[in-house]
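Student: Next one to model:
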Amino acid sequence: MDWKALAPHKPLEGHDPLHVSRPMGDGRRLASMIHAGLGPFAVAGPVGCGKSTEIATAAAELSHGPEFFALDLPLDQFLNMRHLTGADLLWALGGSMLHGVQKQFQLQLELPEEARSLLTGEAPNQQGRSESGPYRDAFLAVVREVKKKGPATSQVALLLDGLEKCPEEQARIAVRTFLSLKDEVELAFVVPPSLVIGPANAELLSELRVFPIRPVPVLERQGARWKEGRQFLMDIFHRRVGEGTNEEALAPLLETAAIFSGGLPRTFLQLMRDAGGYATVANRELPTREDLDNAMRDQTDSLRRLLRDGDMQVMQAADGSDGLEIPIERRVRLLSHGILLENEVDDKVIVKMHPLLGRPDWVSLYA
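Tutor: Next up, the predicted model:
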């Protein structure tokens with residue numbers, strides 16, 4: 001079995017044959033809300049919860065009809081996120097739209113030569129340029145041409161990923177740049193939790209709508225859809241390694257990995273990928289429970305290395321509450337790394353420590 005095919009860190013495009021729809025349908029729901037003009041949206045959630053894949057799913061949903069040109073753009077693949085400027089963003093958006101419009105609508109846009117030259121040339125930071133005005137004008141020229149020459153009801157939706165890899169100052173610059181475009185385009189962009197938690201973000205929050213993507217429920221106490229959540233994770237596994245692959249033998253391990261993943265798809269896939277690696281080292285075709293235990297110990301160790309003094313005590317005290325009593329800086333950090341997880345249970349958001357940290361006796365309990 002090719003355990004590398006699990007590819008825990010690989011986001012999928014919405015139309016990828018390996019894609020499995022989440023039980024809550026987050027990507028489709030986001031697309032519906034964008035279609036209804038309810039944005040702009042700040043998409044937030046812990047690392048590994050599936051934000052990139054759901055953004056791509058929403059873009060694919062919007063692109064099915066003639067109403068939208070939807071651009072799904074992973075900014076970190078185009079730009080230096082540590083030195084991001086508004087000019088860089090507008091250059092990436094405008095140039096990507098030019099290419100995408102030609103591919104989706106087969107349109108040749110009539111643009112001023114200066115605008116076309118700016119958007120198809122080198123990035124502003126490579127030219128030592130920082131002024132955003134000319135790039136904003138060029139970007140808006142593309143948007144208006146799409147609306148004029150595209151299908152009769154053509155709108156532009158930008159679904160953007162990568163801001164989690166920015167320092168906070170650059171992320172704020174990016175969000176401000178996006179919001180300056182909100183009267184011309186529909187917007188949804190992934191943001192780090194530091195931009196949507198706490199009173200210091202009141203001004204930003206007044207201009208956008210937070211769209212949370214949370215771990216899927218995997219335990220009965222997490223709500224009525226917990227069985228669907230577990231099945232979703234197992235379906236991802238089977239879709240990536242092949243349907244019918246020793247399902248009966250692997251079922252107990254998949255159940256355990258789902259429980260201890262905390263409902264995070266990336267963690268679930270990483271646990272099974274590592275368990276498969278341990279099995280390969282031992283010349284076994286399939287992993288055993290011992291292999292999965294070793295994989296869980298590795299992941300527990302990785303999480304523990306992210307902890308600071310007092311984190312465990314604070315999380316234990318907040319367990320099952322809304323988490324608001326945790327100081328903001330600490331809460332943002334713990335949520336960002338998926339150490340502290342938010343679940344929606346009976347229309348209330350509660351926080352729980354990641355199960356790999358919260359149950360030090362997990363080996364004996366699940367042996």
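Student: confidence score at residue 125?
Tutor: Residue 125 is assigned 76 on the pLDDT scale.
Student: And for it, nearest residue in space, chain neighbours not counted?
Tutor: Leaving aside its sequence neighbours, residue 125 sits nearest to residue 88 (Cβ to Cβ, 6 or more residues apart in numbering; 5.7 Å). Any C-beta I mention is one placed from the backbone N, CA and C, and that applies to glycine too.
Student: Go through the helix or strand where that neighbour lies and flag the buried ones.
Tutor: Residue 88 belongs to helix 86-105 when assigned by DSSP states H and E. Residues of helix 86-105 classed as buried by neighbour count (16 or more other Cβ atoms under 10 Å): 86-98, 100-101, 105.
Student: Check which element follows that helix along the chain.
Tutor: Next in line after helix 86-105, if elements are assigned by DSSP H and E, sits helix 113-120.
Student: Show residues contacting that following helix.
Tutor: 91, 94, 95, 98, 111, 134, 135, 137, 138, 139, 141, 142 (Cβ atoms under 8 Å, 6 or more residues apart in numbering).
Student: How much space separates the first one from residue 349?
Tutor: If I follow you right, that is residue 91. 38 Å (Cβ to Cβ, to the nearest Å).
Student: go on, the fifth one?
Tutor: For residue 111, the distance to residue 349 under the criterion Cβ to Cβ works out to 46 Å.
Student: So the two - more neighbours on which side?
Tutor: More crowded of residue 111 and residue 349, by other Cβ atoms under 10 Å: residue 111, with 19 against 14.
Student: ok, and the closest non-adjacent residue to that one?
Tutor: In space, residue 111 is closest to residue 141, 5.4 Å off (Cβ to Cβ, 6+ apart).
Student: Can you verify my assumption that that neighbour contacts residue 110?
Tutor: No - counting by Cβ atoms under 8 Å, residue 141 stays clear of residue 110, with 9.3 Å between them.
Student: about what we covered before: format the contacts of helix 113-120 as TSV; extra columns: pLDDT and distance to residue 313.
Tutor: Formatted as TSV, those follow (pLDDT from 0 to 100; distance: Cβ to Cβ, whole Å):
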residue	pLDDT	distance to residue 313
91	93	47
94	91	49
95	90	49
98	85	53
111	86	59
134	90	53
135	92	49
137	93	54
138	92	53
139	93	49
141	91	56
142	89	53
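Student: Can you name the two of those residues that sit furthest apart?
Tutor: The span of the contacts of helix 113-120, defined through Cβ to Cβ, is set by 98 and 134 at 15.5 Å.
Student: tell me the contacts of the nearest residue to residue 166 once chain neighbours are set aside?
Tutor: Take residue 166 and drop its neighbours on the chain: the residue closest to it by Cβ to Cβ, 6+ apart is residue 81, 4.7 Å away. Listed by Cβ under 8 Å, 6+ apart, the contact partners of residue 81 are 75, 162, 163, 165, 166, 170.
Student: any low-confidence regions in the stretch 1-150 of the chain?
Tutor: Residues of the stretch 1-150 of the chain meeting the criterion pLDDT under 70: 104-105, 150.
Student: can you map out the helices along it?
Tutor: Applying DSSP state H, counting those that start in this stretch to the stretch 1-150 of the chain gives helices spanning 26-35, 51-63, 86-105, 113-120, 124-127, 133-149.
Student: now the angle from the first one to helix 51-63?
Tutor: Right, the one you point to is helix 26-35. Relative orientation of helix 26-35 and helix 51-63, computed by axes from the mean of the first three to the mean of the last three Cα atoms, to 10 degrees: 50 degrees.
Student: that older thread, which helices and strands does the helix holding residue 88 pack with?
Tutor: strand 68-74, helix 113-120, helix 124-127, helix 133-149, strand 155-161, helix 168-179 (3 or more Cβ pairs under 8 Å, 6 or more residues apart in numbering; DSSP states H and E).
Student: Same list (these) but as a markdown table, adding mean neighbour count.
Tutor: Converted to a markdown table, these look like this (neighbours: other Cβ atoms under 10 Å):
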| stretch | mean neighbour count |
| --- | --- |
| strand 68-74 | 22 |
| helix 113-120 | 16 |
| helix 124-127 | 16 |
| helix 133-149 | 18 |
| strand 155-161 | 23 |
| helix 168-179 | 18 |
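Student: Residue 316: which of those is closest?
Tutor: Comparing the helices and strands packed on helix 86-105 under Cβ to Cβ, the one sitting nearest is helix 168-179, at 28.0 Å.
Student: which outside residues touch the closest one?
Tutor: With Cβ under 8 Å, 6+ apart as the test, helix 168-179 has contacts from 40, 42, 75, 81-86, 89-90, 132, 158, 160, 163-164, 166, 187, 189, 191-192, 194-195, 204, 207-208.
Student: what angle separates that helix from helix 86-105?
Tutor: 50 degrees.
Student: now helix 168-179: mean pLDDT?
Tutor: 92.
Student: need the next SSE after that helix, C-terminal direction.
Tutor: Counting by DSSP H and E, what follows helix 168-179 is strand 186-190.
Student: so what are the domain limits for the chain?
Tutor: Listed by automatic domain parsing, the domain ranges of the chain are 25-212, 220-366.
Student: Adding distance to residue 11, write those domains out as JSON lines.
Tutor: Putting the domains of the chain into JSON lines (distance: least, Cβ to Cβ, whole Å) gives the following:
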{"stretch": "domain 25-212", "distance to residue 11": "4"}
{"stretch": "domain 220-366", "distance to residue 11": "9"}
